[in-house]
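Enquirer: Fold the following, please.
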Amino acid sequence: MRTKQMLSIVCILSIFLVSFSACTKDKGTIKVTFQEATAIYGDLENVRATPLNAAARTIENAGKIYLAENFVLVGEEGVGIHVIDNSNRANPTNTSFINIPGNKEFFVEGNVLYAESNYDMLKIDISNPNQVTLLSRAKNAVQSTFLNAEGEALLGFDFTQKTIVLDKDDNFYSEMQRSNYVYYDYARNIIPSSAIPTSFAGNSAAQSGTVNRINKNGDYVYLISNNNIIVLNDNNFATNFVINDSPINDMETVFPYKDHLFIGSSSSMGVFKLDNPMDPEESFSFSHATSCDPVLPHNEVAYITLRNSADDTRCQGNINTLIVVDIEDISQPKEIQTIEMTSPYGMTTIGNHLFVGEGENGLKIFDIINNQQPELVNQIPTVEAYDIISDPQNSNIIFIAGPQGLSQFTIDENLNLNIQSTIEM
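Expert: From the prediction side, this is the model:
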């Protein structure tokens, strides 16, 4: 594939340091350190022609994780998906790789993998995960193609950290105040962050907790990207899709539940009815403090974790908590309990227990026999836990994503964990 560096740059700002200089204070300047992203352009059709199947490779920048009965899929941010043979739980083996350029998010139902690929959505047969087959491609289902002056497509970015001094009256600084990301096109015009596909926007591989931007309900596949809810009809995947504007900004998670979609953002949980599956309609919005926001519907309630993190520009709230919301009447969700947490990330349910990762602060396990009143029954500070995934076949197995990779644990009768193996990432 031929690519070249665009002459001008697209800047993505992640603020690490803000300081005022004494000698420039009167001039209203400010020093910022940020990531400057140089756009890479090339032939999109060549990218689309990339063979799906490839030899196994080392996991370098792990993202999304999916568990099947005998294998594990591990996303490689922006590149594709690793296939791990997990038939021997004590010795998982990296067996092959699925090339999906521009991929960050994917979803699996049965033997079908749904994955974003730059501007497109792919539908892939994974009945043999080591020799997959493309079933359908919905071109530009995610976003219309970004082109440079020469007609080449935006394919990604190279990142370089820089520090500059800005005038606070500068448009550049004004845009930075509205968002931690500032994008420029090749002509140095600012592009609103809401116009950039999520698959292009920085790195989402950091420990992010329970995040699902793709999900499926019946014959319809739902993808959230920035302020859009994208719907694809699974029966006519390549052509029958729509991009709907959403009233919720900065959507993070989507879960179907009882012919509704639950969509979490940094400041709310929205409930969308699916009377018309191709056009979800918001019926209720539950607002909460600004924070990172996984949402997990379960047996007439929804669990929401809110986290404040100084290291994550998306999580600049001031609260760390687990909220329980009664959704028996989906048209009128109501908060029924708030539980103080330390640093909640991902969560899952296994039987009558809710497992919540607290990052470097360990793992908490709640009894949810009364699902409206979770009761803390065990806390394991020695297991650094970010994303938590239940085994699809065995309720005595749990997978935990931590700093060393994806670890498999057995759960004993006292809710203690015993490690079996770790897939290094």
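Enquirer: Does residue 46 lie in a helix or a strand, and which?
Expert: helix 44-48 (DSSP states H and E).
Enquirer: Show me what counts as buried in that helix.
Expert: 44, 47-48 (16 or more other C-beta atoms under 10 Å). (C-beta placed from N, C-alpha, C; glycine too.)
Enquirer: Turn these into JSON lines, columns for pLDDT and distance to residue 407.
Expert: JSON lines is the format used below for the buried residues of helix 44-48 (pLDDT from 0 to 100; distance: C-beta to C-beta, whole Å):
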{"residue": "44", "pLDDT": "96", "distance to residue 407": "38"}
{"residue": "47", "pLDDT": "96", "distance to residue 407": "34"}
{"residue": "48", "pLDDT": "97", "distance to residue 407": "36"}
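Enquirer: Would you mind putting these into TSV with distance to residue 261 alongside?
Expert: Shown next, in TSV, are the buried residues of helix 44-48 (distance: C-beta to C-beta, whole Å):
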residue	distance to residue 261
44	30
47	30
48	29
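Enquirer: What segments of the stretch 101-250 of the chain are strands?
Expert: 106-109, 112-117, 120-125, 133-138, 153-167, 183-184, 190-191, 214-217, 220-225, 228-233, 241-245 (DSSP state E, counting those that start in this stretch).
Enquirer: Select, out of these, the one closest to residue 354.
Expert: strand 214-217 (19.9 Å; C-beta to C-beta).
Enquirer: Neighbours of residue 403, how many?
Expert: 10 (other C-beta atoms under 10 Å).
Enquirer: how about it, what does it touch?
Expert: By C-beta atoms under 8 Å, 6 or more residues apart in numbering, the contact set of residue 403 is residue 384.
Enquirer: And for residue 393?
Expert: residue 69.
Enquirer: Just say helix, strand or coil for it.
Expert: Under DSSP: H, G, I helix; E, B strand; the rest coil, residue 393 falls in the coil class.
Enquirer: Could you list the low-pLDDT ranges of the stretch 301-425 of the chain?
Expert: 309-318 (pLDDT under 70).
Enquirer: ok, which stretches of it are strands?
Expert: Under DSSP E, counting those that start in this stretch, the stretch 301-425 of the chain gives strands at 301-306, 321-326, 334-340, 347-350, 353-357, 363-367, 375-380, 388-390, 397-402, 405-411, 417-424.
Enquirer: Which secondary structure elements does the longest one sit against?
Expert: Based on contacts counted as 3 or more C-beta pairs under 8 Å, 6 or more residues apart in numbering; DSSP states H and E, the elements that strand 417-424 packs against are strand 405-411.
Enquirer: May I have the distance across stretch 302-319, first residue to last?
Expert: 18 Å (C-alpha to C-alpha, to the nearest Å).
Enquirer: Could you identify the helix or strand that succeeds the helix holding residue 46?
Expert: That would be, after helix 44-48 and using DSSP H and E, strand 53-55.
Enquirer: In terms of helices and strands, where is the closest residue to residue 331 other than its chain neighbours?
Expert: Computed as C-beta to C-beta, 6 or more residues apart in numbering, the closest residue to residue 331 that is not its neighbour in sequence is residue 283, at 5.7 Å. Using DSSP H and E, the secondary-structure element containing residue 283 is strand 281-287.
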